[in-house]
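J.: here is the input, now give the coordinates:
(one chain, ligands or ions: 1)
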Amino acid sequence: MVVVTGGTGYIGSHTVVELLQAGYQVTILDDLSNSNIEVLDAIEELTGVRPEFFEVDLSDAAATASVFEQIGSEADSTIHFAAKKAVGESVQDPLLYYRNNLFSLVNVLEEMKKHDIRNFVFSSSCTVYGQPDVCPVTEATPRKEAESPYGNTKSMAEDIIRDASPVEHFNSISLRYFNPIGAHASGKIGELPVGIPNNLVPYVTQTAAGIRETLTVHGNDYPTADGTCIRDYIHVVDLAKAHLQALKRIEDGRMDSAYEVFNVGTGNGYSVLDVVNGFEEATGIKVNYRIGPRRAGDITQVWADTSLANEALNWKAELGLKEALSSSWNWEQNYRKQNA
Ligand code: UFG
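T.: Okay, here's the model as predicted:
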C-alpha cells in the first residue's frame, strides 16, 4: 500500500489516479487546507476505487503517529506531497512554512521508520536551482540560495532526506518539478483556484473565463527572445506518471544509492507570451493581457535537462504545451459549471 500525503491536492490527486489505475492500493493523508474532500468522489468516478482517507495535520507529531498506528502495518511506500506552496505567503510568514513543511516531513519519516516503511518519493522543486548560470539544468547543477522561505523548505527537505536515508535504510527519490500545469483529460480533477491565482496558467484560464479582467505579464524587459521569462511547463499527468516510475525504480531495487534526485520537466523552455499565444491557439479564445512591471523574486529563465529521468526512470514527458493548456481550460470550464 502507498501512503500519499497531500493526496487530495493538485499533483497528489493526479498521482493517486495513476496509482489506482496501475493497481496500487492507496491511503491518502491530507489536512484539506488547500483542497477539497470532494476530490475523493472524482477519484472514485475516474478509477472505480475510493481510497482510504485520513484528515490529519502532519506537522502534529501525535496526530501523525495515531494515523500511522492505524495504517502502518499495511504500507510499504510513501509519496509525500503535503506542503504549503505559496511563495509570497512564505515570505510573509516564514515560520508557518518551516513548521508546516519541515515538521511534517520529519514526522512522516519518523513514522515510516517506526513502521518499517522504507520507500519514499518526495515533491521537490526546480526552485532549488535559483537562477542557474546555465540552462538547461541537470541534477548536478549546483543548488543556489533559495529565493524564498518556501524554496528553502524544499532545499532543506532534500538535505534531511539525503542525510536520513542511508542511516535509516530508506530508499528515497526527490523529484524536482519544473512548472506543473494542466489537468486530467476528464476535467474532473485539476488545480483548485483559491482566491486570486499567483501562477500564470490559472490566471490565464480565469481571464479567458471572464473572472479576471486582464492578465498582467510581469515584465517584458528580460534578456530573452521576447523579453518575458522562460519556464519549463510540465503537464500534471506526465508529472504524476513520473512518481509511478520513481516508485518502480525503488521497488525493483534499481537505485544506485539510498537517495537519488531527478528533474521532472519537458526539457523545453517557453516564455510567458508563448503560453498566452499557445492558449489562444489551443482554445481559440483571446486572452486580454497587458505588460506590467517585473514581479519581485522572478528568475529570468529555467528549464530542465531531463536525460537522467528519461534513462533511469524510463520516463519522459509525452504531452505538449497546447495539450496542457487546453486541458487547463477544459478543467476551468467544468469547474465553473459544477460550482455555478
Ligand atoms: N506570470 C505573469 N503573470 C501572472 C503570473 C505569472 O506574467 O499573472 C509569469 C511569472 O512572472 C513567471 C511565469 O509567469 O515569469 C511563471 O510564473 P508562475 O507563478 O506560474 O510560476 P513560477 O515559475 O514563478 O513558480 C514556480 C512554482 C513555485 C516555485 C517557483 C520557483 O509554481 O512553486 O517556480 O521559481 F517556487
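J.: so which elements touch the helix or strand harbouring Leu105?
T.: For Leu105, the host element (DSSP states H and E) is helix 104-114. Applying 3 or more Cβ pairs under 8 Å, 6 or more residues apart in numbering; DSSP states H and E, we find helix 104-114 packed against helix 61-71, strand 77-80, strand 119-125, helix 149-168. In short, each C-beta sits where N, CA and C put it, glycine included.
J.: using TSV, lay out the ones you listed together with mean neighbour count.
T.: Formatted as TSV, the helices and strands packed on helix 104-114 follow (neighbours: other Cβ atoms under 10 Å):
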stretch	mean neighbour count
helix 61-71	16
strand 77-80	25
strand 119-125	25
helix 149-168	19
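J.: how about those in JSON lines, adding mean pLDDT and distance to Arg50?
T.: Below are the helices and strands packed on helix 104-114 laid out as JSON lines (pLDDT from 0 to 100; distance: least, Cβ to Cβ, whole Å):
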{"stretch": "helix 61-71", "mean pLDDT": "98", "distance to Arg50": "15"}
{"stretch": "strand 77-80", "mean pLDDT": "98", "distance to Arg50": "18"}
{"stretch": "strand 119-125", "mean pLDDT": "98", "distance to Arg50": "23"}
{"stretch": "helix 149-168", "mean pLDDT": "98", "distance to Arg50": "30"}
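J.: picking that back up, chain center to the helix holding Leu105, what's the gap?
T.: 20 Å (Cα atoms, centre = their mean, to the nearest Å).
J.: phi, psi of the closest residue in space to Ile299 that isn't next to it in sequence?
T.: Spatial nearest neighbour of Ile299, chain neighbours left out: Gln131 (4.0 Å); criterion: Cβ to Cβ, 6 or more residues apart in numbering. Main-chain dihedrals, Gln131, degrees, to the nearest 10: phi -90, psi 100.
J.: report pLDDT for Gln131.
T.: Per-residue pLDDT puts Gln131 at 92.
J.: what about it, neighbour count?
T.: 12 (other Cβ atoms under 10 Å).
J.: quick check, it in contact with Glu145.
T.: No - Gln131 lies out of contact with Glu145 (Cβ atoms under 8 Å); the separation is 10.2 Å.
J.: what parts of this structure come near the ligand?
T.: 85, 87, 125, 127, 150-151, 179, 198-200, 203, 215-218, 229, 231, 272, 295, 298-299 (Cβ under 6 Å from any ligand atom).
J.: what sits against the closest residue to Asp238 other than its chain neighbours?
T.: Once flanking residues are discounted, Asp238 sits nearest to Ala317: 4.4 Å by Cβ to Cβ, 6+ apart. Neighbouring residues of Ala317 by Cβ atoms under 8 Å, 6 or more residues apart in numbering: Ile234, His235, Asp238, Gly265, Thr266, Gly267, Thr306.
J.: how much space between Ala317 and the ligand?
T.: 17 Å (Cβ to the nearest ligand atom, to the nearest Å).
J.: need phi/psi at that residue.
T.: phi -60, psi 130.
J.: check contacts around the closest residue to the ligand within the stretch 201-340 of the chain.
T.: Here the stretch 201-340 of the chain gets closest to the ligand at one residue, Cys229, 3.1 Å apart by Cβ to the nearest ligand atom. Applying Cβ under 8 Å, 6+ apart to Cys229 gives the contacts His218, Gly219, Tyr222, Ser271, Val272, Asp298, Ile299, Thr300, Gln301.
J.: TSV for the residues you listed, including pLDDT?
T.: Shown next, in TSV, are these (pLDDT from 0 to 100):
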residue	pLDDT
His218	98
Gly219	98
Tyr222	98
Ser271	98
Val272	98
Asp298	93
Ile299	94
Thr300	97
Gln301	97
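J.: out of the residues you listed, who's the most crowded?
T.: The most crowded member of the contacts of Cys229, judged by other Cβ under 10 Å, is Val272 (25 neighbours).
J.: for Gln301, list each beta-bridge partner.
T.: Beta-bridge pairing for Gln301 (DSSP bridges): Ile230.
J.: next up, the contacts around it.
T.: Cys135, Tyr222, Thr224, Cys229, Ile230, Arg231, Gly269.
J.: now Leu29
T.: Val3, Val4, Thr5, Gly6, Gly7, Phe53, Phe54, Val56, Leu58, Val67, Ala82.
J.: and the helices in the chain, which stretches?
T.: Ranges of helices within the chain are 10-21, 39-47, 61-71, 87-92, 94-97, 104-114, 149-168, 200-208, 236-251, 272-283, 307-312, 321-338, based on DSSP state H.
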